[in-house]
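> Sequence first, predicted coordinates after that:
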Amino acid sequence: MRMTFRWYGEGNDSVSLEQIKQIPGVEGLVWALHHRAAGEVWTEEEVMDVKKQADAHGFHLDVVESINVHEDIKLGLPSRDAYIENYKTSLRNVAKVGAKVVCFNFMPVFDWTRTDLFKEMEDGSTALFYEKAKVDQMNPYDLIEQTTTSGFTMPGWEPERLKTIEQSFDAYKQVDEEALWENLGYFLAEVLPVAEEEGIKMAIHPDDPPWSVFNLPRIITGEKAIERYLSISDSPAHCLTLCSGSLGANPENDVPTMIRRFHDRIAFAHIRNVRIYENGDFIETSHRSKDGSVPIDDVVKAYHENGFTGYARPDHGRHLWNEQCRPGYGLYDRALGIMHLWGLWDAYELVKRKEEANAHVAHS
Ligand code: DNO
């Protein structure tokens, strides 16, 4: 397991590279050109600039999250070909700074969706919260308003995208789940050969939450969907970002089982916990299994027993000790999360070493 930390870039993140450097075992930055709208080319000059900053602190840039997919590609519009060409150029350019994994998602219009970015918990910390009934009844424009007034732009919710949201809603009336699968297949057939050539793994992120919101189609939602996704291509570039928190928001998703089944196609592990309530609401908790509904101990065990050598990050955290930060992306709880993940990993490692030593003694 190779630990990474998401960083939004100089002037765009409350967490500094000096701080990240002090979290044990973090070797790379999960990065993106957040000022680039979906569909635009990421230039060589811009990515080189990120590399200079990473190099100055000894971090690699192996993992990109995300190069966002333009809405016209998801909608299957004739204009998609030009955007796909841009995507290929971006892939070639990020490869120049060593990118090995590119995370992306195929969620229509919205990326991750929450109703409260700073929901107060029993202990006084705040966390990302999803109130199901609210989303079921909500006008999505209210959610946009809330996002843009929080002071930070969430990934996938860039102002450029929000402007065109109304048109997108209309356009999706013609695109059902099957059509979305078809458009995803078209995109992959184009980009996978380039990714393969560049030594990049395209790692799709599951839908968050893993069900339809605002009547828009969503397709990467659980084990069956992932099975279908993986059957699209045998290319070594065709991989997954396995997000325990996104998939784990649906109690029917057994995350450790999915890891055991798909581990050799998981290029990037997002590890975090959520507590699910009976009415379908969920809140993002600490990483500990006992604090939420996802057995994070078994999630890490599933990676460990399969000798996982891919990249991992703690994904989101709560906001602790009055930290002012991007929703879900503070320093403290993500750093605690990393130490929890290492603690589990190292304990499983120790057990394995002892078992091997015992087996050796038994044989001699
Ligand atoms: C939320 C993230 C998502 C994720 C994208 C991947 O914090 O997990 O925004 O980066 O959906 O494309």
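Happy to help now that I have it.

> List the residues that contact the residue most central in space within the chain.
Among the residues of the chain, the one closest to the centroid is His205, at 5.3 Å (C-alpha atoms, centre = their mean). Neighbour list for His205: 65-66, 103-105, 220, 241, 243, 246, 270 [criterion: C-beta atoms under 8 Å, 6 or more residues apart in numbering]. No exception for glycine: its C-beta is placed from N, CA and C like everyone else's.

> State the distance from it to Trp181.
Separation of His205 from Trp181 (C-beta to C-beta, to the nearest Å): 16 Å.

> and the contacts of His205, which of them are in strands?
Of the contacts of His205, the ones assigned to strands by DSSP state E are 65, 103-104, 241, 243, 270.

> Of the residues you listed, which ones also sit close to the ligand?
Restricting the ones in strands among the contacts of His205 to those within reach of the ligand (C-beta under 6 Å from any ligand atom) leaves 65, 103-104.

> How far does stretch 92-109 stretch from one end to the other?
The straight-line separation of the ends of stretch 92-109 (C-alpha to C-alpha, to the nearest Å) is 26 Å.

> check whether the longest helix along the chain contacts the ligand.
Identified as the longest helix of the chain according to DSSP state H is helix 332-363. No - against the ligand, helix 332-363 shows no contacts by C-beta under 6 Å from any ligand atom, the least distance being 11.1 Å.

> residue contacts, Lys100?
Lys100 touches 62-63, 199-201, 267, counting by C-beta under 8 Å, 6+ apart.

> per-residue pLDDT, the nearest residue to Leu344 once chain neighbours are set aside?
Distance criterion C-beta to C-beta, 6 or more residues apart in numbering; nearest residue to Leu344, sequence neighbours excluded, is Val300 at 4.1 Å. Model confidence at Val300, expressed as pLDDT, equals 98.

> Please, which helix or strand holds Val300?
helix 296-305 (DSSP states H and E).

> After that helix, which helix or strand is next?
strand 311-313.

> Which of the residues in the helix holding Val300 are classified as buried?
296-304 (16 or more other C-beta atoms under 10 Å).

> list the helices and strands it packs on?
helix 255-262, helix 332-363 (3 or more C-beta pairs under 8 Å, 6 or more residues apart in numbering; DSSP states H and E).

> Just want the angle from it to helix 332-363.
50 degrees (axes from the mean of the first three to the mean of the last three C-alpha atoms, to 10 degrees).

> mind exporting helix 296-305 as CSV, just the C-alpha atoms?
Only the C-alpha atoms of helix 296-305 are listed here, as CSV (Å, rounded to 0.1, in the frame of the first residue of the first chain):
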residue,chain,number,x,y,z
ILE,A,296,-12.4,-0.5,7.8
ASP,A,297,-10.4,-3.1,9.7
ASP,A,298,-11.6,-5.8,7.2
VAL,A,299,-11.2,-3.4,4.3
VAL,A,300,-7.5,-3.0,5.2
LYS,A,301,-7.2,-6.8,5.8
ALA,A,302,-8.6,-7.5,2.4
TYR,A,303,-5.9,-5.3,0.8
HIS,A,304,-3.2,-6.7,3.0
GLU,A,305,-4.0,-10.3,2.4
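
> Contacts for that helix next, please.
If you take C-beta under 8 Å, 6+ apart as the criterion, helix 296-305 is touched by 1, 244, 255-256, 259-260, 263, 269, 271-273, 287-289, 312, 340-341, 344-345, 348-349, 352.
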